[in-house]
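*Asks:* Take a look and give me a structure for this.
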Amino acid sequence: MGSHWEVKNGKGRWIAIEGPVDRVTRDAERVRGWLSMDDRDFVVRVYAVVVTDDPRVQRSSTCAVVAPSDLMSWIAGLPFQRGLTPERRERLAGMVREVARRS
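*Replies:* Predicted coordinates for the structure are as follows:
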């Protein structure tokens, strides 16, 4: 409804929820902060993106909206991070794997 998002629960009631673009933007900032805790000399670039075919979801200045069929080309178009060395990449991947293992 306008700029507000709602979802109908199993009992047929409408519940207000945070918009997907706002949520993804906030989550991306949390991930960036989490990844940066380990290496203060390197700022990890984190990009917020909602992957959907739903035309009601509109991009913002902080979050892209990409169709599933366009996701790979969107990722390929991201700028290269020179400071993201193979060692840093492996350390970050290890952090993500560890969290995924615990959940």
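
*Asks:* Run through who's touching the helix or strand that contains Val21.
*Replies:* Using DSSP states H and E, Val21 sits in helix 20-36. The contact list for helix 20-36 (C-beta atoms under 8 Å, 6 or more residues apart in numbering) reads 5, 18, 42-50, 52, 57-60, 62-63, 65, 92, 95. Placement of C-beta: from N, CA and C, glycine included.

*Asks:* Mind doing that once more with 6 Å?
*Replies:* By C-beta atoms under 6 Å, 6 or more residues apart in numbering, the surrounding residues in contact with helix 20-36 are Val44, Val46, Ala48, Val50, Val57, Ser60, Thr62, Cys63, Leu92.

*Asks:* likewise stretch 62-73?
*Replies:* Here stretch 62-73 makes contact (C-beta under 6 Å, 6+ apart) with Val21, Val24, Thr25, Ala48, Val49, Val50, Val51, Asp53, Val57, Arg59, Trp74.

*Asks:* residues contacting the fifth one?
*Replies:* This points to Val49. So Val49 contacts Ala64, Val66 (C-beta under 6 Å, 6+ apart).

*Asks:* that older thread, which ones among the contacts of stretch 62-73 map onto strands?
*Replies:* Val49, Val50, Val51 (DSSP state E).

*Asks:* tell me the contacts of the residue at minimal distance from the centre of the chain?
*Replies:* Closest residue to the average C-alpha location of the chain: Ala48 at 3.9 Å, with C-alpha atoms, centre = their mean. Ala48 makes contact with Val24, Thr25, Ala28, Cys63, according to C-beta under 6 Å, 6+ apart.
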